[in-house]
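> Here is a sequence with its predicted model. Questions after.
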Amino acid sequence: MERFEERYVRPEPKPQSFLDYVGGAGRSALTGAIVYGLSTAFPPVGAFAIPAYTALTYSKMGYGLYKVYEERLATGRASPKSVSGASSSVGEAAANQPSDAIAAQVATAAYEHGVFNDLASHTGLESVVLKEMVKGSTSSALSTVGGDLLKFAIGKAVGG
Amino acid sequence: MEPKDFELITIIAARKAELYKSAKQELLSTLPRYVDRNEAKLRLRRAIASLDNMLFVSDEEKATKTITPGVSVADLKLDESAIVREVARSLVQM
């Protein structure tokens, strides 16, 4: 006898992979759609999604990241020589560059220590999103391509 | 790397996160319902995170060599077309 579920309840179709969709839909067409969508993603001028009072939070979070980095340097886990073992221990996408592996270690350890929680609570951004952004930004800062950032000073917060 | 360097990284990371928050909504609205939205979000997050930090520094900040915290991505007058181009390229390659 046919079961009720088999007769009346259709199984949810398995979602198509984003990358498969990219391949099937025609890369240029999809890229055009994405470019249009992202172009409208910039918030209107005057919007302050991240308010000035978070300036102190930036300092605290930056210091928290530094402490994690310093700790890993002290234990030899953030040195370029340790990179080959580092990327696998992080449990994320394989790092191609030494800066990627160090950045992944710092961001993951900082996440586990709750370093992102304060900024997350002030801005409504998810800690896991901040972790990913810190990872990418640290890698960019450590690599020679994006190393110019570290020559900058920090100005007074707007409205602070 | 000094504490100040990580403060700079934090400011840039927050700018990237701010862009991600709004870009996510726009990207998801362009996708058909049957496409894996979690995968799309994850790829967008990684694409924005891996962008060169200097794309999130305004011309004024480059001229004064000073990063100003608390300024919205919109008010920075960044090179939006360069950012969008790089994100789109990463999304289809990652």
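Yep, that arrived. Numbering: from 1, shown residues only, chains lettered A, B, ... in the order given.

> just the helices in chain B please.
Along chain B, counting by DSSP state H, helices occupy B:3-30, B:37-49, B:59-64, B:80-93.

> Report all helices and strands that the second one contacts.
Helices and strands in packing contact with helix B:37-49 are listed as helix A:18-25, helix A:127-142, helix B:3-30, helix B:80-93; criterion 3 or more C-beta pairs under 8 Å, 6 or more residues apart in numbering or on different chains; DSSP states H and E. Just so you know, the C-beta spots here come from the backbone N, C-alpha and C atoms, and that holds for glycine as well.

> Between helix A:127-142 and the third one, find me the angle.
For helix B:3-30 and helix A:127-142, the angle between their directions (axes from the mean of the first three to the mean of the last three C-alpha atoms, to 10 degrees) works out to 120 degrees.

> ok, back up a step: would you mind finding the most buried of the helices and strands packed on helix B:37-49?
Here the criterion is mean neighbour count by mean count of other C-beta atoms under 10 Å in any protein chain shown, and of the helices and strands packed on helix B:37-49 the winner is helix A:127-142, at a mean of 26.

> Report the mean per-residue pLDDT for it.
Computed over helix A:127-142, the mean pLDDT rounds to 94.

> List the contacts of the nearest residue to A:Val129 once chain neighbours are set aside.
Leaving out its chain neighbours, the residue that sits closest to A:Val129 by C-beta to C-beta, 6 or more residues apart in numbering or on different chains is B:Ala17, at 5.3 Å. Taking C-beta atoms under 8 Å, 6 or more residues apart in numbering or on different chains, we find B:Ala17 in contact with A:123, A:125, A:129-130, A:133.

> As JSON lines, the helices of chain B with mean pLDDT would be great.
Below are the helices of chain B laid out as JSON lines (pLDDT from 0 to 100):
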{"stretch": "helix B:3-30", "mean pLDDT": "88"}
{"stretch": "helix B:37-49", "mean pLDDT": "91"}
{"stretch": "helix B:59-64", "mean pLDDT": "91"}
{"stretch": "helix B:80-93", "mean pLDDT": "80"}
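
> Which of the helices and strands packed on helix B:37-49 sits closest to B:Glu39?
helix A:18-25 (4.3 Å; C-beta to C-beta).

> if we can go back for a sec, which one of the contacts of B:Ala17 is nearest chain B?
Chain B has its nearest neighbour among the contacts of B:Ala17 in A:Met133, at 3.9 Å by C-beta to the nearest C-beta.

> just checking, the closest one touches B:Lys21?
No - using C-beta atoms under 8 Å, A:Met133 is not in contact with B:Lys21, being 10.6 Å away.

> What about the closest residue to B:Asp59 other than its chain neighbours, how many residues nearby?
Counting by C-beta to C-beta, 6+ apart, B:Lys77 is the residue found nearest to B:Asp59 once chain neighbours are left out, at 7.0 Å. Using other C-beta atoms under 10 Å in any protein chain shown, B:Lys77 is surrounded by 12 other residues.

> residues in contact with B:Lys77?
B:58-60.

> Repeat the analysis, applying 10 Å as the threshold.
Contact analysis of B:Lys77 by C-beta atoms under 10 Å, 6 or more residues apart in numbering or on different chains lists A:45, B:58-60, B:71.

> Kindly supply the PyMOL command isolating those of those that are buried.
To isolate the buried ones among these in PyMOL, judged by 16 or more other C-beta atoms under 10 Å in any protein chain shown, type:
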select buried, chain B and resi 58+71
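
> Would you point out the most distant pair within the contacts of B:Lys77?
Farthest apart among the contacts of B:Lys77 by C-beta to C-beta are A:Val45 and B:Asp59. That separation is 15.3 Å.

> sorry, back to before: okay, the helices of chain B in CSV with distance to A:Gly62 next?
Shown next, in CSV, are the helices of chain B (distance: least, C-beta to C-beta, whole Å):
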stretch, distance to A:Gly62
helix B:3-30, 3
helix B:37-49, 17
helix B:59-64, 17
helix B:80-93, 23
